[in-house]
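S.K.: got a structure for you, letters missing:
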């Protein structure tokens with residue numbers, strides 16, 4: 001385990017830095033902009049779906065960890081994309097004129 005950590009030390013530092021930068025950036029987004037930004041960002045998760053399908057397609061049939069993680073990524077990514085479109089649709093309905 002210690003050998004893996006020393007071999008991937010730079011990647012670990014980058015991930016930790018990304019976590020802190022992400023928290024800092026998201027923490028300073030005004031609440032008025034939060035919903036439109038998140039609904040747009042959720043739609044980007046289509047890339048996650050495509051990547052996870054590729055991982056599942058290239059995984060060995062006996063590599064259950066890659067298959068399970070790929071399947072979970074497809075499910076969660078799909079839920080996120082659909083949720084992003086639902087939130088955007090609800091948000092746009094708020095700005096439509098109501099007919100009497």
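M.R.: Yep, that arrived. Quick caveat: nothing in here was measured; it's all calculated off a predicted structure.

S.K.: centroid-nearest residue for this protein?
M.R.: If you average the C-alpha coordinates of the chain and look for the closest C-alpha using C-alpha atoms, centre = their mean, you land on residue 45, 5.2 Å from that point.

S.K.: residues of the helix or strand where residue 79 lies that come out buried?
M.R.: With secondary structure defined by DSSP states H and E, residue 79 is part of helix 64-93. When burial is assessed from 16 or more other C-beta atoms under 10 Å, helix 64-93 yields the following buried residues: 70, 73-74, 77, 80-81, 84, 87-88. All C-beta spots, glycine's among them, are computed from the backbone N, C-alpha and C.

S.K.: mind giving me the packing neighbours of that helix?
M.R.: Where contact means 3 or more C-beta pairs under 8 Å, 6 or more residues apart in numbering; DSSP states H and E, helix 64-93 is packed against helix 31-43, helix 46-58.

S.K.: in this structure, which helix or strand is least confident?
M.R.: helix 31-43 (a mean of 68; mean pLDDT, DSSP states H and E).

S.K.: where does the protein have low pLDDT?
M.R.: Flagging of the chain using pLDDT under 70 yields the residue ranges 31-32, 34-36, 38-40, 42-43, 100.

S.K.: one step back: show me which of the buried residues of helix 64-93 is closest to residue 30.
M.R.: The shortest distance between residue 30 and any of the buried residues of helix 64-93, using C-beta to C-beta, involves residue 87 and amounts to 17.0 Å.

S.K.: quick one: the closest one from residue 28, how far?
M.R.: With distances defined as C-beta to C-beta, to the nearest Å, the gap from residue 87 to residue 28 amounts to 21 Å.
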